[in-house]
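> 3D, please:
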Amino acid sequence: MIEAAHLNVHFGSNHVVRDIAFRVAAGETYGLVGESGSGKSTVLRTIAGLIPGWDGTLRVAGEQLGHRRDRAFFRRVQMVFQDPYGSLHPRQTVDRILAEPLEVHGIPEAEARIARALEEVALPRAARFRYPHQLSGGQRQRVAIARALIADPSVLLLDEPTSALDVSVQAEVLNLLAELRQARQLTCILVSHNLAVIGHLCGRLAVMQGGRIVEELTEAQLRAGQASHPHTRDLIALSHALEG
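Prediction:
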């Protein structure tokens, strides 16, 4: 469903993603993990069409992507951002936030779709006409997830979707994402610096350092600590130390 080959991203003279390659099968959730500045979020934003300065090959559903994306791409591929407050318009109600993508893509039956979207992410009906500042962080992220899914995409890109949330809420949102992924047969890429989050949702993962993929692992290999690259072993050791 998703393929990257010889992908490079430059910000001016800064070479931030260096010749990376990976494939994600339909229905799979693939993780990108690494420390801050490793390039993982840049990869996600490049796939989403938010970064123009790239070269290499990107394909979604077999279709090669250019630097400009059409409306059909943005219906097929949606993204959930790290900060649910910053990604929602502060002067729009939840109803308006969810209605906008339906209008953009010419999707009918907005009333039924909005009601179903709120139910799908376990938000009360009363939340529909509230503004983002009237919701908790976890509720705002549920709105962001509902907005991403309301046009029925097949690919969901998740950029640190729980890192801005309280620890008590993170598990709820992760479990919700797992349920939605299975129910909708979504193909996902999850970016996180947290190996526990990656292990919760991803069957395979790539470890990034300095803009490169230094190792690919399965979830079973991650849990067993079967890493060959020193940076991966450091990340696993740090994760165990934090859990302890």
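> Residues touching the longest helix along the chain, excluding its own?
Counting by DSSP state H, the longest helix found in the chain is helix 167-184. The contact list for helix 167-184 (CB atoms under 8 Å, 6 or more residues apart in numbering) reads 29, 120-122, 136-138, 141-142, 145, 149, 152, 156, 158, 161-162, 165, 186, 188, 197, 200-201. (Glycine included, C-beta is placed from N, CA and C.)
> Same question for stretch 32-47.
By CB under 8 Å, 6+ apart, the list of residues contacting stretch 32-47 from outside reads 2, 4, 7, 9, 16-18, 20, 51, 54, 58, 60, 65, 77, 79, 82, 157-160, 189-195, 198, 205-212, 235.
> These, buried ones only, as a ChimeraX selection?
Typed into ChimeraX, the next command selects the buried ones out of these (criterion: 16 or more other CB atoms under 10 Å):
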select :2,4,7,9,16,17,18,20,51,54,58,60,65,77,79,82,157,158,159,160,189,190,191,192,193,194,195,198,205,206,207,208,209,211,212,235
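> In strands, which of the contacts of stretch 32-47 fall?
Secondary-structure check on these using DSSP state E: residues within strands are 2, 4, 7, 9, 16-18, 20, 54, 58, 60, 77, 79, 157-159, 189-192, 205-209, 212.
> start to end distance for stretch 206-215?
Using CA to CA, to the nearest Å, the end-to-end distance of stretch 206-215 comes to 6 Å.
> now stretch 157-177
Taking CA to CA, stretch 157-177 runs 11 Å from one end to the other.
> Can you flag which of the contacts of helix 167-184 belong to helices?
For these, membership in helices holds for 120, 137-138, 141-142, 145, 149, 197, 200-201, with DSSP H as the criterion.
> what pairs with the residue nearest the centre of the chain across the strands?
The centroid of the chain falls nearest to L158 when counting by CA atoms, centre = their mean (0.8 Å). In this entry, L158 is beta-bridged to V80, L190, by DSSP bridges.
> Isn't it up against V197?
No - with contacts defined as CB atoms under 8 Å, L158 does not count as touching V197, sitting 9.6 Å away.
> which residues do those two both contact?
Between them, L158 and V197 share these contacting residues under CB under 8 Å, 6+ apart: L190.
> pLDDT-wise, which helix or strand of this protein ranks last?
Least confident element among the helices and strands of the chain, by mean pLDDT, DSSP states H and E: helix 230-243 (a mean of 81).
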